[in-house]
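A.B. asks: just need the structure, nothing else, for what follows:
(2 chains)
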Amino acid sequence: DAGITQSPRYKITETGRQVTLMCHQTWSHSYMFWYRQDLGHGLRLIYYSAAADITDKGEVPDGYVVSRSKTENFPLTLESATRSQTSVYFCASSEAAGGSGNEQFFGPGTRLTVL
Amino acid sequence: KQEVTQIPAALSVPEGENLVLNCSFTDSAIYNLQWFRQDPGKGLTSLLLIQSSQREQTSGRLNASLDKSSGRSTLYIAASQPGDSATYLCAGANNNNDMRFGAGTRLTVKP
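C.D. replies: Just a heads-up that it's a prediction; the model follows:
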């Protein structure tokens, strides 16, 4: 199906483990984004990517790593998970070609719990 | 750094009422402002995007306005329905890459 998908939808892990959250989009959008949503903080940008092999930090990048070898995929890795990384993670994409191309479209989210 | 505020945090209205949701932002050099809807446990659905050169956008029963000089945006919902119940988020971007979100307004439309 066309659109933006995330996997897994739910994940429970333990402190110190490495976790990778996957994001895949079928629109060939140039820009992709990772956000986390927490009560009291709203949505905050973790990392974004303007194109394959181009990534940059957002507001809260510490403890996370991203890569983008293909336009359609943008995985987010927690190298050593901490309890403070328990959150709902959203991936988004946009054409960012100017005008209406800046509209961001979101995936369904991954609920991550770190014990 | 753009900061976005939404007041009230929650709003309850009877079905059929017209209503306005408010969004304030601190930096008038805003690039665009986007309104989203989020249902419990779900992702965000884009409702309307207003570019900095625009004053408003309309989609069906929804109308969003943007006033950069006052740092405000409003989302007007006409003839509200119970299916409109959700959390509404606004987000302002100063460039392509840095979008800042408000905390949202949780709307309940009572039958």
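A.B. asks: okay, CA-based contacts and neighbour counts for the rest of this
C.D. replies: Will do.
A.B. asks: next, work out how far apart A:Q6 and B:L62 are.
C.D. replies: With distances taken as Cα to Cα, to the nearest Å, A:Q6 is found 29 Å from B:L62.
A.B. asks: the more surrounded of the two?
C.D. replies: A:Q6 (23 against 16; other Cα atoms under 10 Å in any protein chain shown).
A.B. asks: list the buried residues of the helix or strand containing the more buried one.
C.D. replies: Assessed by DSSP states H and E, A:Q6 sits inside strand A:4-7. The neighbour-count check on strand A:4-7 (16 or more other Cα atoms under 10 Å in any protein chain shown) flags A:I4, A:T5, A:Q6, A:S7 as buried.
A.B. asks: how about it, does it reach chain B?
C.D. replies: No - residues of strand A:4-7 are not located near chain B by Cα under 8 Å from any Cα of the partner chain, the shortest gap being 10.6 Å.
A.B. asks: tell me which helix or strand comes right after the lowest-mean-pLDDT helix or strand in chain B.
C.D. replies: Here the helix or strand of chain B ranked lowest by mean pLDDT, DSSP states H and E is strand B:99-101, holding a mean of 90. Of the helices and strands lying after strand B:99-101 in sequence (DSSP H and E), the nearest is strand B:105-110.
A.B. asks: what ranges does chain B have for its strands?
C.D. replies: Here chain B has its strands, by DSSP state E, at B:4-5, B:10-14, B:19-25, B:32-38, B:44-51, B:56-59, B:62-67, B:72-77, B:86-93, B:99-101, B:105-110.
A.B. asks: which one of those strands lies nearest to A:S30?
C.D. replies: A:S30 lies closest to strand B:99-101 among those, at 16.1 Å (Cα to Cα).
A.B. asks: now that closest one: how far from the chain's centre is it?
C.D. replies: Distance, stretch centre to chain centre, for strand B:99-101: 12 Å (Cα atoms, centre = their mean, to the nearest Å).
A.B. asks: also stretch B:44-53?
C.D. replies: 9 Å.
A.B. asks: nearest residue to the middle of chain A?
C.D. replies: Nearest residue to the geometric centre of chain A (Cα atoms, centre = their mean): A:W34, 2.7 Å.
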